[in-house]
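**Q** Build me a model:
(2 chains)
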Amino acid sequence: MKDNYTKRLLSFNNTEDVKALKVMVQVGQCSNSVGAQNILSLLKSSNISADLIESGCDGLCFLAPKVILQYSDKTTSIFNNVSENDVEMISNEINSPKKKRNTNNLATELLNNQTRIAMAQCGYSDPSNAKSYISEGGYIGLAKALGTKQDEVISEIEDSKLLGRGGAYFPTGLKLKAVRKTESKSKYVVINAEEGEPGVFKDRHLLEGVPHRIIEGAIISAYAVNAPQIIFYINAKAKLSLDRLKNAIEQCYKLNILGQNILGSKYSVEADIIQGAGGYVCGEETTLLNTMEGDRREPRIKPPFPTESGYKSSPTLVNNCETLSNIPFILTNGATSFKRIGCENAYGTKIISLSGDVNRPGVFEVQMGTSIDEIIKIFGGGGIGKNPENAVSIGGPSSGVLPHNQLHIKIMPGRIHETGIMLGAGGLVVLKDKTNVLQFIKNLAKYNADESCGKCTPCREGTPRIVNMLEKLKPSTDTPAYREELSDLAEVVSSASLCGLGQGAGTPIKSFLHFWPD
Amino acid sequence: MNETNNLSEELTGYFPRTRDQLLNILHYVQHKYGYISKVSMQEIGNHIKMPVSEIYGTVTSYSEFKIKNPADKQLKICTGISCINQGNQTLIDTIKSNHSINTNLFENGPINKVAIEEIDCGFICGVGPMIQINQTMHGRIKINGLKNLLPELFENER
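**A** Sure, this is the predicted structure:
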C-alpha cells in the first residue's frame, strides 16, 4: 500500500504527455566550451518534430558535444563529437528515423561498466523538469522518509555506513545524529558545492545533470535533523550549475516539495543559495561557514564542531553534493542494497574525475575498491604515450603522486598509502611518462602556497619555503641531508596547521621523496 | 557621487542589513560596476554596519573579486594541474611570442587593453587545455585554435 506522500508525489505525473521521440543535447559547462550550446541553438532553429531537451552531461567528456535520440521503445541513437556540419544529418534522422539505431558501443559500454547511484540518469534526464525526475523514481526516497520517524531515517543512513564524499570520509550517520541531538531553536543544513580543487569536476556534473537528486538528499537530511533551512553554497565559476539549481529549487516550491508543510506533511523547509567567490580553502567546512557569515576565508578552530556550533552559532550539518546524492538511493532501496555495492568497510561508489594525459578524460562513477589501474585502463582508455609508464596524481594538491608501479592500489576512503596519499575528492590526473614529476610537484606546492589563507604560521611561512627548497633541488644539491630537511619541513607544515589545506600541503613532497629517491 | 547614492538606495532595496549578506552584496556590486571600489566598500559598510577595513580584508581574500577597474577584454589561461599536463605552456608561449605581451599575472590591467590572467583552474578539466575570453570558456584549445581566437581579441591593439 502506498503512503499518502508517495501518492501525492505520483499525482504530479499524469499530466505529463510522452512524445514518441526525445532529443537530448548534453549541455554542461565543459561541453559548452566545445560548442554544445551552439549545436542546441542550431537544432532549435532547424525544423524538427520532437521534444528538444537541454540535459546535463553524462560524464564522457571526451565525446562531447553529444546528442542523444531516445525513441519510445527506449532504444537510443547516440551522436558523439557533434560539429555544426552534423546538425543537418541529425535533424534528418529525427524527422525520418532509420530502422537501424546509431548505437555507439563505446559510450554505452563505458556507461554500463559504471555503477551509477549518484549519477544515475545524469545526462539522460531533463534537469529543468522536476516531473520527469519524479517519473524516473525521484523524490520517492523523500516521500518514504516523511512517512517514517526522523530517528529511523537517521538509523537507516547509519546502517548504510555511508561516508562523506567530500574528501574526509566522515560517517554521514554520525554527523546527522550529532546535529539531531544538539538542542537549538534554529538549525541549518549547508550543502558544500564549492569544489575548488583543481582537477575535480564531479559536483558540477551532478548539479548540471541531476540537481533534483541533490535537493532530495538535502531535504531528507534536513528532515532527519529537523532543520527548517537549507543553504546551497555554489562555486563562483559554476555559473551553469547555479542557474540549473535555482530553476530546480523554484520548481520544488511550485510542487510543494519545498516550502510550508511539504507534500502535506507537518514539516516545513526553505532553501536558499549562496554563491562563493573562489578559493580552494573555502571547501573546508568551517571556512565555508566563515565565508557565509561575511568573514575572511579562514578556518575556525575545532571544537566546537559545526554539528554543535556552525552557521550563526547554530548546529549545522555540512555535507558534500555527492554524499547527498547517495541518500535518496539508501532511503528508496534500503541500507542493505547500498551495502551490496563496493567492498567491505567501504560501501557504495565514488565519482572519479579523470583528466590529464589520458585518452578518455571524464567523470566516472565506480565501486569503492576498484584499482587505479582499472580506472585508467577500462574507462580512461590508457595513458597517452607510446609506452606509457604513467604516474598518477590522486586527490589534488593535498595529496600526492603515485608512480606507475603503484597503480594496483585500490580506491578507498582515507589514506591509501603510508606517505599520506588520500583519495580525497576523487581527482585523478594522469601524468605522461615524460612528464617531469618534480615540476608537477613544484606546481602543486606553488598552488598550496598561493592558496594558504595565512591564519596558521606553519602553513603561511612553510608552504613558500617548500616551493623555494624544491626550486633549489638540483642533482648537485640533492643530498640525503637536503632531502631530510625538506621532509622535516613538510612534516611540520602538515602536523601544525589547522585545516585540510595545511595538513595536506606536505603530502605531495613526502610522496615525491618516497617514490623518487634519486 | 550620484553613482554611490544609487548604490546605497539599491542596497536598502535589495538586501537586509545583516553581515551574512556581504557575499551576496559583493557579487551584486561587482556584477554592476565590474569591480568593487573603495567608495562602494564604504557604502556597503554603512549598509551592513561593518568597518571598511574588514570589508577590504574580505574582498581581497577572494580571487573572484576585483578592486580595480578591469580591462575591457580579458584573456584567462587555465593553469590547473590538468591543463599544465595538456600543454597550456605552449599556449602561453604562443601568446607571448605573437603579441609581445607580458603574460605574468597582471590581473587588474589598464582600461581598454587586454588583461591576461593565469587562473588556478576553470574546472572543465575533461576538455582541457582551456582558455577563457571574457565570459566564454573555450575547451580543447590547441595552437591552431588559439591562433583563430586571438585576432578577434587583439583587433584594436595592433
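**Q** Point out where the chain drops to low pLDDT.
**A** Went with chain A since none was named. Chain A contains residues with pLDDT under 70 at A:1-2, A:14-19, A:386-387, A:434-435.
**Q** right idea, wrong chain: chain B
**A** B:1-5, B:98-113, B:154-158.
**Q** As a check, name the ranges of all helices in it.
**A** Using DSSP state H, the helices of chain B run over residues B:2-14, B:22-33, B:38-48, B:52-60, B:81-85, B:88-99, B:143-154.
**Q** looking just at contacts, which helices and strands does the fourth one meet?
**A** It stands for helix B:52-60. On a contact count with 3 or more Cβ pairs under 8 Å, 6 or more residues apart in numbering or on different chains; DSSP states H and E, helix B:52-60 meets helix B:22-33, helix B:38-48. (Glycine included, C-beta is placed from N, CA and C.)
**Q** Quick one: closest of the ones you listed to chain A.
**A** Between chain A and the helices and strands packed on helix B:52-60, the shortest separation by Cβ to the nearest Cβ is 3.3 Å, and it involves helix B:22-33.
**Q** Pull out the buried residues from that closest one.
**A** B:22, B:23, B:24, B:25, B:26, B:27, B:28, B:29, B:30 (16 or more other Cβ atoms under 10 Å in any protein chain shown).
**Q** before we move on, what about stretch B:44-64?
**A** B:44-45, B:47-48, B:50, B:54-55, B:58-59, B:61-64.
**Q** Turn the helices and strands packed on helix B:52-60 into CSV, including distance to residue B:89.
**A** Conversion of the helices and strands packed on helix B:52-60 to CSV gives the following (distance: least, Cβ to Cβ, whole Å):
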stretch, distance to residue B:89
helix B:22-33, 30
helix B:38-48, 37
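**Q** between those helices, which gets nearest to residue A:227?
**A** helix B:22-33 (20.9 Å; Cβ to Cβ).
**Q** Determine how far the closest one lies from the middle of the whole chain.
**A** On the basis of Cα atoms, centre = their mean, to the nearest Å, helix B:22-33 sits 13 Å off its chain's mean C-alpha point.
**Q** Same check on stretch A:281-291?
**A** Distance, centroid of stretch A:281-291 to centroid of chain: 17 Å (Cα atoms, centre = their mean).
**Q** Same question for stretch A:214-231.
**A** Worked out by Cα atoms, centre = their mean, stretch A:214-231 lies 18 Å from the chain centre.
**Q** Can I get that stretch in PDB? Just the C-alpha atoms.
**A** Only the C-alpha atoms of stretch A:214-231 are listed here, as PDB (Å, rounded to 0.1, in the frame of the first residue of the first chain):
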ATOM      1  CA  ILE A 214      20.900  16.700  -4.500                       C
ATOM      2  CA  ILE A 215      17.900  18.700  -3.400                       C
ATOM      3  CA  GLU A 216      16.100  15.400  -2.400                       C
ATOM      4  CA  GLY A 217      19.100  14.300  -0.400                       C
ATOM      5  CA  ALA A 218      19.300  17.700   1.300                       C
ATOM      6  CA  ILE A 219      15.600  17.700   2.200                       C
ATOM      7  CA  ILE A 220      15.800  14.200   3.600                       C
ATOM      8  CA  SER A 221      18.800  15.200   5.800                       C
ATOM      9  CA  ALA A 222      17.100  18.400   6.800                       C
ATOM     10  CA  TYR A 223      14.000  16.500   7.800                       C
ATOM     11  CA  ALA A 224      16.100  13.900   9.700                       C
ATOM     12  CA  VAL A 225      17.800  16.600  11.900                       C
ATOM     13  CA  ASN A 226      14.700  18.800  12.000                       C
ATOM     14  CA  ALA A 227      16.300  21.800  10.300                       C
ATOM     15  CA  PRO A 228      14.000  24.400   8.800                       C
ATOM     16  CA  GLN A 229      16.600  26.000   6.500                       C
ATOM     17  CA  ILE A 230      18.800  24.600   3.700                       C
ATOM     18  CA  ILE A 231      21.600  26.600   2.200                       C
END
